[in-house]
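Novice: A structural model of the following input is requested.
(chains A and B)
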Amino acid sequence: MEEKYININQENNLDLDNLDTIMELIGELLINKSRLESLELLKGESKDILSQLDRVTMELHHNIMKIRMISISNFFDKIKDKKNQLADNELKLNLYDQDVKIDRNIADKLLKPLLNYFANSLKRKDLSTVNEAEMTIRAHKEGNDIEIVIEDNWSQIELDKVDAIISEYDVDNKKDLASVTKEEKLKILFNLREDSKNLTKDLNGFLKDVTILKEELKTLNGSVKIKEYEKRISLQIIIPLTFAIAQALMVKIKEDLFAIPVEDIKETKRISKSEIKKVKDEEVIIYREQSIPLIDSYKCLNLEREADILDNQEELEILITNSEQKMAALIVDELLNQQDIVFKSMGELLQDVKNISGATIIGDGEIALILDINDII
Amino acid sequence: MDKTKARGLKEQFITFEIGTEIYGIELRDSKEIILPPEIKNVPNTGDDIIGVINLRGRVVPILNFKYILNVDTNTQSAKKNEKRIIITNIEGVLAGFVVDEMQGVINLDSDKAKTQDEEKRKEKHLKWISAEGDTLISIIDLRSVIESQKEVAYD
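Specialist: Next comes the predicted model:
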């Protein structure tokens, strides 16, 4: 039977391409407005005009954004439809949307992978251990992202099985598995699944489904994580609310400009060389009574330093990253201003570049690359 | 219009120099030809990517055709001011590449194609080779270039 997906946007008769073009034009308008401001030529009455222009562009942007947003409950309806379509009467499906709104474009692109995952996961349903199959999907807003958590009561992970797979395939990573946390084990397993396509010992097809989903979400800048709680697995999907304008901190690394989304930064600091400690060959600093790793941006970007930074400088500019539970300190050459940036993809050919999530165009037309803090850590 | 044969075998190509050789692409695959703007280097990519440019608000990757097509890089073209960037649109994927000098637009007949041995042709992403008088024009298989670039992961 041919799978049928219903396009969310068709029903509203809205041309997304046109909307995208308008968004891009507004982005350009914003960039040119800040160019005008930076000229500082305007005085008196002309300054008023500029602030009017500022207000109009902002309102324009705000309203277009509102048109782009739809309630995620529309989206959940499609999951219900799919359930009916599959005529699955055994399943108890709980959906909690909490009135989250999501960009139409993103909702559109997310729908197919998610429905695929949903259908596949129903196929894996095993009623030998539970009385009633139950799946819960929850969506909630988390900063500029939407988090969708999918939990069912039949996907199980037996950790001793996981250990066996890891020790069989992960030859380079000879860690003492007894000291590795469950979450980390799942992470290793997940990466393994990506590296070695010939991983045969699949956990009931679960990892395969998750890998497909992850692959499909890449174009949306989304990420997928698996978590384990009392042997049950939950899947956590994080996608941006919109390709909107975000606040970013501009930094300089080897004479080049980079942008880091403000939400990824906890704090910026200047530290002295003496604050750097060495723990097991790793450089760390003490931050709020915790030791956190010190990461060099040059290393992340494969750039060569002319001289060892520790030899030449007494003080270092660092920023403390604010990424999930894990904190790290990133060394950059110079911390610059904060500004609004419009997120731009570098196109299909460059969507997987390590440690870089995209690009943005700043006032004078120069391109600044956006650092992917989650990738770096 | 009359010059185009009814059978539609003759197609329009734009031709250009890369290194010392002459290459061509189908005219309909090209979006525009621009003077090279500042190219931003993208860390963690390979020799096949020169960087990205700002094309009126869009970020477009610039491919290194000298590397991808295996052009002899020792023969640097001296004509620096003649360099152009050709922006192509292959099924919605925008990309650009630098050429050393533009030649022009010509009609070519793919029936008269001279093909190198299959192995070499595939490796260099060439579709066919046309002989116009003394000059050989290698027609680049842009779809094959873009498809193989999509496969490259920079993780």
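Novice: I'd like the distance between the closest residue in space to residue B:50 that isn't next to it in sequence and residue A:347.
Specialist: Of all residues not flanking residue B:50 in the chain, residue B:62 sits nearest, at 4.4 Å (CB to CB, 6 or more residues apart in numbering or on different chains). Just so you know, the C-beta spots here come from the backbone N, C-alpha and C atoms, and that holds for glycine as well. Between residue B:62 and residue A:347 the distance, using CB to CB, to the nearest Å, works out to 11 Å.
Novice: Those two: which has the busier surroundings?
Specialist: When residue B:62 and residue A:347 are compared on other CB atoms under 10 Å in any protein chain shown, the one with more neighbours turns out to be residue B:62, at 21 against 18.
Novice: Could I get the contacting residues of that one?
Specialist: B:39, B:49-53, B:85, B:95-98 (CB atoms under 8 Å, 6 or more residues apart in numbering or on different chains).
Novice: Please name the bridge partners of residue B:137.
Specialist: residue B:22, residue B:130 (DSSP bridges).
Novice: what's the pLDDT at it?
Specialist: Predicted confidence (pLDDT) for residue B:137: 87.
Novice: Also the one 5 residues further on?
Specialist: Looking at residue B:142, its pLDDT reads 91.
Novice: Output the set of residues of chain A in proximity to chain B.
Specialist: Taking CB under 8 Å from any CB of the partner chain as the contact definition, chain A meets chain B at A:24, A:27-28, A:31, A:256, A:301-303, A:344-350, A:352-356, A:358-359, A:361, A:365-367, A:369.
Novice: What about residue A:290, how many residues nearby?
Specialist: 9.
Novice: And the one 5 residues further on, by the same measure?
Specialist: For residue A:295, the tally of surrounding residues (other CB under 10 Å) stands at 19.
Novice: what's the average pLDDT for the host helix or strand of it?
Specialist: Using DSSP states H and E, residue A:295 falls within strand A:290-296. Computed over strand A:290-296, the mean pLDDT rounds to 89.
Novice: List the buried residues for it?
Specialist: Buried residues in strand A:290-296, counted by 16 or more other CB atoms under 10 Å in any protein chain shown: A:292, A:294-296.
Novice: Describe which strands it pairs with in its sheet and in which direction.
Specialist: strand A:282-287 (antiparallel), strand A:329-332 (parallel).
Novice: Next up, the contacts around the residue of the stretch 151-300 of chain A found nearest chain B.
Specialist: Of all residues in the stretch 151-300 of chain A, residue A:256 sits closest to chain B, at 7.4 Å by CB to the nearest CB. Residue A:256 sits next to A:369, B:40-41 when contact means CB under 8 Å, 6+ apart.
Novice: same question, residue A:313
Specialist: For residue A:313, the contact set (CB under 8 Å, 6+ apart) comprises residue A:273.
Novice: wait, residue A:130 sits on residue A:154?
Specialist: Yes. At 6.1 Å, residue A:130 and residue A:154 qualify as touching, with contact defined as CB atoms under 8 Å.
Novice: These two: who's more crowded?
Specialist: The residue with more neighbours, out of residue A:130 and residue A:154, is residue A:154; 21 against 13, by other CB under 10 Å.
Novice: residues in contact with the helix or strand containing that one?
Specialist: In this assignment (DSSP H and E), residue A:154 forms part of strand A:145-156. The contact list for strand A:145-156, computed with CB under 8 Å, 6+ apart, reads A:72, A:100, A:102, A:114, A:117, A:121, A:124-127, A:129-130, A:133-141, A:204, A:206, A:231-241.
Novice: The residue nearest to residue B:50: helix or strand, and which one exactly?
Specialist: Using DSSP H and E, residue B:62 falls within strand B:58-63.
Novice: what bridges to residue A:151?
Specialist: residue A:136, residue A:234.
Novice: what's the spacing between it and residue B:127?
Specialist: With CB to CB as the criterion, residue A:151 and residue B:127 are 51 Å apart.
Novice: what bits of chain B have low per-residue confidence?
Specialist: B:1-9, B:73-79, B:110-123, B:153-155 (pLDDT under 70).
Novice: residue ranges for the helices of it, please.
Specialist: B:65-68, B:118-123, B:142-151 (DSSP state H).
Novice: Return the set of buried residues in the first one.
Specialist: Neighbour-count burial for helix B:65-68, with 16+ other CB under 10 Å as criterion, is recorded at B:65-66, B:68.
Novice: do stretch A:114-128 as well
Specialist: For stretch A:114-128, by 16+ other CB under 10 Å, it's A:114-122, A:125.
Novice: can you redo those residues as a markdown table with pLDDT, distance to residue A:40 and secondary structure?
Specialist: Shown next, in a markdown table, are the buried residues of stretch A:114-128 (pLDDT from 0 to 100; distance: CB to CB, whole Å; DSSP: H, G, I helix; E, B strand; the rest coil):
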| residue | pLDDT | distance to residue A:40 | secondary structure |
| --- | --- | --- | --- |
| A:114 | 86 | 49 | helix |
| A:115 | 87 | 53 | helix |
| A:116 | 84 | 53 | helix |
| A:117 | 85 | 53 | helix |
| A:118 | 87 | 55 | helix |
| A:119 | 85 | 58 | helix |
| A:120 | 82 | 58 | helix |
| A:121 | 81 | 58 | helix |
| A:122 | 82 | 61 | helix |
| A:125 | 75 | 65 | coil |
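Novice: so which helix or strand takes in residue A:89?
Specialist: Going by DSSP H and E, residue A:89 is not in any helix or strand.
Novice: Which phi and psi values does it adopt?
Specialist: phi -100, psi -10 (degrees, to the nearest 10).
Novice: how many neighbours does it have?
Specialist: 8.
Novice: Which strand residues bridge the residue lying closest to residue A:99 once chain neighbours are set aside?
Specialist: Closest residue to residue A:99 apart from its sequence neighbours, by CB to CB, 6+ apart: residue A:71 at 6.4 Å. Taking DSSP bridges as the rule, residue A:71 bridges to residue A:101.
Novice: can I assume residue A:71 is in contact with residue A:100?
Specialist: Yes. At 7.4 Å, residue A:71 and residue A:100 qualify as touching, with contact defined as CB under 8 Å.
Novice: neighbour-wise, which of those two wins?
Specialist: residue A:100 (21 against 14).
Novice: got the helices of chain B as a markdown table, with distance to residue A:162 columns?
Specialist: Formatted as a markdown table, the helices of chain B follow (distance: least, CB to CB, whole Å):
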| stretch | distance to residue A:162 |
| --- | --- |
| helix B:65-68 | 42 |
| helix B:118-123 | 42 |
| helix B:142-151 | 30 |
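Novice: So for residue A:260, which of the ones you listed sits nearest?
Specialist: Of all the helices of chain B, it is helix B:142-151 that lies closest to residue A:260, at 27.4 Å by CB to CB.
Novice: Please name the residues that touch residue A:30.
Specialist: By CB under 8 Å, 6+ apart, the residues touching residue A:30 are A:57, A:61, A:245, A:340, A:342.
Novice: That one and residue A:263, how far apart?
Specialist: According to CB to CB, residue A:30 stands 19 Å off from residue A:263.
Novice: What residues does chain B have near chain A?
Specialist: Residues of chain B lying near chain A (CB under 8 Å from any CB): B:38, B:40-45, B:49, B:52-54, B:56-61, B:63, B:93-95, B:146, B:149-150, B:152-155.
Novice: Of those, keep whichever come out buried.
Specialist: Buried members of those, counted by 16+ other CB under 10 Å: B:40, B:42-45, B:49, B:52-54, B:57-61, B:63, B:93-95, B:146, B:149, B:154.
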